[in-house]
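**Q** Give me coordinates for this.
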Amino acid sequence: MPKKQGMSSFQKEAQSTDKYTDPTAPTFLAVPFLSMTEEAGQLARIYKEIVVSGNKLSEFQQKEIKDKLGDLLWYIANIAKKLNIDLDTVAIANLQKTKKLINCPSQKLLLKILMISMIPIIKMLKYPKDKILLNLNLNPNLNLNHNWLKLD
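**A** I've put the predicted structure just below:
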């Protein structure tokens with residue numbers, strides 16, 4: 001079993017397996033970007049199969065997911081290396097950003113946006129706003145009614 005390594009080490013090693021190394025060729029970035037979307041699509045297909053089967057994850061699907069995540073990681077490392085972006089730096093910055101977002105006041109804004117997208121369904125089902133908020137583990141008295149957000 002290979003030893004564990006950091007993102008930068010993986011990035012460097014992954015680059016040694018790249019076939020598209022000519023920066024002047026249209027395939028230089030196109031292949032990894034397009035391949036990354038293909039792998040993400042395959043992950044979505046696997047997830048659909050899991051949902052259709054009643055949310056039962058088979059050993060085979062778990063292996064497939066692990067394989068696709070590895071492929072995505074390779075393409076991300078490849079693109080980052082070609083653009084001189086260090087993945088260790090990206091990972092640290094992303095964790096810092098995520099930690100800030102957890103307790104950020106903008107979470108209320110995200111909730112409002114979610115509620116806006118649900119308005120047609122809520123109205124169609126005549127589902128009371130307070131029950132929706134309780135189901136989201138939020139205070140049912142939370143004021144979400146603004147000029148641009150009418151639930152009642």
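**Q** Going by neighbour count, which residues in the top helix by length along the chain are buried?
**A** The longest helix of the chain (DSSP state H) is helix 27-52. Using 16 or more other Cβ atoms under 10 Å as the test for burial, helix 27-52 gives V31, P32, S35, M36, E39, Q42, L43, I46, I50. Quick note: C-beta positions are derived from backbone N, CA and C, even for glycine.
**Q** Now do the helices in the chain.
**A** 7-15, 27-52, 59-82, 87-102, 106-125, 129-135.
**Q** Quick one: closest of the ones you listed to T21.
**A** helix 27-52 (7.6 Å; Cβ to Cβ).
**Q** Next, the angle helix 59-82 makes with the closest one.
**A** On the basis of axes from the mean of the first three to the mean of the last three Cα atoms, to 10 degrees, helix 27-52 is oriented at 160 degrees to helix 59-82.
**Q** mean confidence for helix 27-52?
**A** Mean pLDDT, helix 27-52: 92.
**Q** just checking, what packs against it?
**A** When contacts are defined as 3 or more Cβ pairs under 8 Å, 6 or more residues apart in numbering; DSSP states H and E, helix 27-52 packs onto helix 59-82.
**Q** Tabulate the CA atom coordinates of the helix it packs on in CSV.
**A** This file holds the C-alpha atoms of helix 59-82, laid out as CSV (Å, rounded to 0.1, in the frame of the first residue of the first chain):
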residue,chain,number,x,y,z
GLU,A,59,-19.7,-2.7,-2.0
PHE,A,60,-19.3,-2.3,-5.8
GLN,A,61,-20.8,1.2,-5.7
GLN,A,62,-18.5,2.2,-2.9
LYS,A,63,-15.5,1.0,-4.9
GLU,A,64,-16.8,2.9,-7.9
ILE,A,65,-17.2,6.1,-5.9
LYS,A,66,-13.7,5.7,-4.4
ASP,A,67,-12.4,5.2,-8.0
LYS,A,68,-14.2,8.3,-9.4
LEU,A,69,-13.1,10.5,-6.5
GLY,A,70,-9.5,9.4,-7.2
ASP,A,71,-10.0,10.3,-10.9
LEU,A,72,-11.5,13.7,-9.9
LEU,A,73,-8.6,14.3,-7.6
TRP,A,74,-6.1,13.5,-10.3
TYR,A,75,-7.8,16.0,-12.8
ILE,A,76,-8.0,18.7,-10.1
ALA,A,77,-4.3,18.2,-9.3
ASN,A,78,-3.4,18.2,-13.0
ILE,A,79,-5.3,21.5,-13.7
ALA,A,80,-3.9,23.2,-10.5
LYS,A,81,-0.3,22.2,-11.4
LYS,A,82,-0.8,23.5,-15.0
